[in-house]
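>>> model the following, please.
(2 chains)
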Amino acid sequence: MIPPSQPDQGTDAEPPDLPGFRTWRDLYMFVFGWFVLVVALLTVFTWMFS
Amino acid sequence: MNLADWVVLIGTMVGIAAYGFWRTRHVRNLNTYLRGSQSTGWGTIGLSVMATQASAITFLSIPGQGFESGIGFVQNYFGLPLALIIVSAVFLPMYRRLGVYTAFEFLGQRFDGKTRLLGAGLFLLQRGLAAGVTIYAPAIILSTVLGWRVDLIIVFAGLLVVVYTVTGGSEAVSITQKWQMAVIGGGMVTALIVLLAKLPPGLGVGGAAHVAGALGKLNAVDFSIEPSRRYTLWTGLLGGLFLSLSYFGTDQSQVQRYIGGGSVREGRLGLMFNAVLKIPMQFFILVLGAFLFVFYQFAPAPVFFNQAEWQQYAQGADGARFRALADRHAAAVADTQQAIRAWLDARATADVAGESATRATMVEANRRADAVRSEAKAALLTANPRAKTKDSDYVFITFILNELPHGAIGLLVAVMFAAALSSKAAELNALGTTTTIDFWRHIRPLAAADERRNVRVAKRFTALWGVFAVAFALFAGFAENLIEAINILGSLFYGVVLGIFLVAFFLRHVGGHAVFFAAVAAQTLVLVMFFSLNIGYLWYNLIGCAACIGLSVILQTVLGPRASAPAGQTA
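Here you go, the predicted structure:
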């Protein structure tokens, strides 16, 4: 017999635990920066080959 | 295909399915069955999220898109990293905190039962229909080019995926998806290596890129604001953001992939893994298509890549007309090839005037080849108004069968099946879970506490959806451009569902009645616009979402203030 679902406690307190990233905000900023870089590179790629 | 191909194909497909079945054969725990193992790491979650999104259509159609229209389709994924950041920061922690099995349980806790059923119902409608397409799409293409019976492919693939998904639930889906992605990655890299090796001597990767670029295949980013253009930076950023936010944040087939694992960290890192790799991966597949285009400027290229369809008419009563078109196309491609060589020579000698003149000749010859291809499609339609004229889905599989060595052919066909099974398994898992948790438990609330009975019911619903998907694929006809058919279907429903979730997360004062009727009205508006206007389908994600949110606020104002949502259930 079980309850319908089991809530997960304290999920926000857990850090990313990756070298160079102390908080999730740091990781999100890195991913966003990576995205901007990829779009910029694709724009340059388009300009180079069109 | 020879014996080596069959060994690779059957070995990988049945081997992975058998491994998933064997590893999860003792799963009796509802949490593990619906959310996967507590020990699942972020790498497995990341690959699982990627495999769920990448169906067989991805690997059949997208190289064809690169071949036919260039790599501009990559913009469709521009909203994805941003959406995944939002899902990771807002949606995932909320799902984990509430301990839900489905995204729609959250709607029930935040609003009421009818809004939860509306969200779950829209998901089952949209995803249930798509489930038929994802199994039919690769089956029809593989049956056409390999000469296999389409019904046998559908039944074989369908039964294989049903067996391990029903047995091990979410855990089996994650375990098998990891290995299926390994097959997919290995196969696609193999195909690219063979393709590059088969380019004409002296052309090289750089030369091929310049040829593809000069002929308009490498325009990755389009800044145009013309609303009827399907893929631009803006449709990708805005429409793509809303489509991705809806898909990753509210589609149970994705939510189920990342709400498992030992902690929220694993799910978040799995999502960020996709945020970083998805655009480069799609770019790689599209560039492969653009290089296929270059390859077929130097190798015999059929005027129409679905040769099974073409030969029906070329060998029929009006065959002379079709053969003449094939000859004219071959002549135009030969002219293009000659012009490409002249252009490359002019570039190599820094002959600016010659480069400009030969480039114009090359573009003109390619335009003539394209015009003949269009004529060929028109001729097919004249001969039979129901003829299938979309042949870009057949470009990559034609290359695989004609150019790859034996063994590698089996591997690439295995790629298509691996992709089909991985996305299908996630769909069936989600459909079975949603039907059990959001509908069956709603009707039988007292049965919710009986864990073994819940697992049994979830297995039965998963099997039922599997049988439905196979039957639907066997008996229904589908739109020709399969990947777009699925994206269009998704865009018609995703926007409204996302609107409901965004209201739930961010507009605390809006209650169940307002959001429910607003969602119904917004969905009606989207369907009316779709059937009466001609705008890029990605915009319907934005329109549906905005209409749902706007109407919710207006209706809530009209209905008056409501009691606050239960504490802790809004962001």
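
>>> residue contacts, the residue in chain A that chain B sits nearest to?
Closest residue of chain A to chain B, Cβ to the nearest Cβ: A:F49 (2.7 Å). In short, each C-beta sits where N, CA and C put it, glycine included. Counting by Cβ atoms under 8 Å, 6 or more residues apart in numbering or on different chains, A:F49 makes contact with B:A209, B:H210, B:A212, B:G213, B:A214, B:L218.

>>> in chain B, which residue sits closest to chain A?
Counting by Cβ to the nearest Cβ, chain B gets nearest chain A through B:G213, at 2.7 Å.

>>> only the buried residues of the strand or helix carrying that residue, if you could.
According to DSSP states H and E, B:G213 maps onto helix B:204-214. By neighbour count on 16 or more other Cβ atoms under 10 Å in any protein chain shown, the buried set for helix B:204-214 is B:G207, B:A208, B:A209, B:H210, B:V211, B:A212, B:G213, B:A214.

>>> so the residue of chain B closest to chain A sits right up against B:I71, yeah?
No: B:G213 is beyond contact range of B:I71, at 9.9 Å (criterion: Cβ atoms under 8 Å).

>>> nearest the middle, which residue of chain A would you pick?
Centroid-nearest residue in chain A, with Cα atoms, centre = their mean: A:Y28, separated by 4.2 Å.

>>> and for it, nearest residue in space, chain neighbours not counted?
Once flanking residues are discounted, A:Y28 sits nearest to B:I85: 4.9 Å by Cβ to Cβ, 6 or more residues apart in numbering or on different chains.

>>> how far away is that neighbour from A:L27?
B:I85 is 9 Å from A:L27, where distance means Cβ to Cβ, to the nearest Å.

>>> which neighbours do the two have in common?
With Cβ under 8 Å, 6+ apart as the test, B:I85 and A:L27 both reach B:M272.

>>> quick revisit: downstream neighbour of the helix holding B:G213 in the secondary structure list?
helix B:233-234.

>>> would you map the helices across chain A?
A:24-49 (DSSP state H).

>>> the helix or strand containing B:A320 - contacts with which helices or strands?
Per DSSP H and E: B:A320 is located in helix B:319-348. Helices and strands touching helix B:319-348, by 3 or more Cβ pairs under 8 Å, 6 or more residues apart in numbering or on different chains; DSSP states H and E, are helix B:204-214, helix B:264-298, helix B:307-314, helix B:352-383.

>>> is the longest one anywhere near chain A?
Yep, that's helix B:264-298 we're talking about. Yes: for helix B:264-298 and chain A, the contact criterion (Cβ under 8 Å from any Cβ of the partner chain) is met by B:V264, B:R265, B:R268, B:L269, B:M272, B:A275, B:V276, B:I279, B:P280, B:F283.

>>> in ChimeraX, how would I select the buried members of those?
This is how ChimeraX selects the buried members of those, with burial counted by 16+ other Cβ under 10 Å:
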select /B:264,265,268,269,272,275,276,279,283
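
>>> the longest helix along chain B vs chain A: in contact?
Looking across chain B with DSSP H, the single longest helix is helix B:150-197. No: on the criterion Cβ under 8 Å from any Cβ, helix B:150-197 is out of touch with chain A, staying 14.1 Å away.

>>> quick one: that helix to helix B:264-298, angle?
70 degrees (axes from the mean of the first three to the mean of the last three Cα atoms, to 10 degrees).

>>> quick check: mean pLDDT of helix B:150-197?
The pLDDT scores in helix B:150-197 average 91.

>>> quick one: it to helix B:204-214, angle?
110 degrees.

>>> in a strand, that's where B:L243 is, yeah?
No: counting by DSSP: H, G, I helix; E, B strand; the rest coil, B:L243 is not found in a strand; it is helix.

>>> quick one on the thing from earlier: now for the residue nearest to the centre of chain A: which residues touch it?
Taking Cβ under 8 Å, 6+ apart as the test, what A:Y28 contacts is B:I85, B:S88, B:A89, B:M272.

>>> from the residues you listed, which is closest to B:V166?
In terms of Cβ to Cβ, no member of the contacts of A:Y28 lies closer to B:V166 than B:S88, at 30.4 Å.

>>> roughly how far does the closest residue to B:T144 other than its chain neighbours sit from B:L146?
Leaving aside its sequence neighbours, B:T144 sits nearest to B:A308 (Cβ to Cβ, 6+ apart; 4.9 Å). From B:A308 across to B:L146, the span is 10 Å (Cβ to Cβ).

>>> go on, B:V194?
Counting by Cβ to Cβ - B:V194 and B:L146 are separated by 19 Å.

>>> same question, B:G267
Remark: distance between B:G267 and B:L146 (Cβ to Cβ) = 39 Å.

>>> among those two, which residue is more densely surrounded?
Taking neighbours as other Cβ atoms under 10 Å in any protein chain shown, B:G267 and B:L146 compare with B:G267 leading, 29 against 14.

>>> got the contact list for the closest residue in space to that one that isn't next to it in sequence?
Once flanking residues are discounted, B:G267 sits nearest to B:Y258: 3.9 Å by Cβ to Cβ, 6+ apart. With contact taken as Cβ under 8 Å, 6+ apart, B:Y258 is in contact with B:I45, B:V49, B:L92, B:G267, B:G270, B:L271.

>>> likewise for B:E375?
So B:E375 contacts B:L325 (Cβ under 8 Å, 6+ apart).

>>> hmm, 10 Å instead?
Contact analysis of B:E375 by Cβ atoms under 10 Å, 6 or more residues apart in numbering or on different chains lists B:V303, B:R321, B:L325, B:R328, B:H329.

>>> same question for B:R373.
If you count contacts by Cβ under 10 Å, 6+ apart, then B:R373 has B:E68, B:A301, B:P302, B:V303, B:F304, B:F305, B:L325, B:H329, B:A332, B:V333, B:T389, B:D391 around it.

>>> with B:Y95 instead?
A:8, A:11, B:87, B:101-103, B:105-106, B:249, B:255, B:258-259, B:264, B:267.

>>> can you check B:L325 too?
B:303-304, B:310, B:313-314, B:372-373, B:375-380.

>>> pLDDT score assigned to it?
For B:L325, pLDDT reads 91.

>>> the residue nearest to B:A518 when sequence neighbours are not counted: how many residues sit nearby?
Excluding its sequence neighbours, the residue lying closest to B:A518 (Cβ to Cβ, 6+ apart) is B:L551, at 3.6 Å. Taking other Cβ under 10 Å as the criterion, the count of residues near B:L551 is 21.

>>> and if you look at B:W148?
Neighbours of B:W148 (other Cβ under 10 Å): 14.

>>> that one contacts B:F156, doesn't it?
Yes: between B:W148 and B:F156 there is a contact under Cβ atoms under 10 Å: 9.4 Å.

>>> please identify every residue contacting each of these two.
The contact sets of B:W148 and B:F156 overlap at B:A139 (Cβ under 10 Å, 6+ apart).

>>> ok so, going back, let me know the pLDDT of the residue nearest to the centre of chain A.
96.

>>> could you do B:V276 as well?
96.

>>> hang on, isn't it packed against A:V38?
Yes: B:V276 lies in contact with A:V38 (Cβ under 10 Å); the separation is 8.9 Å.
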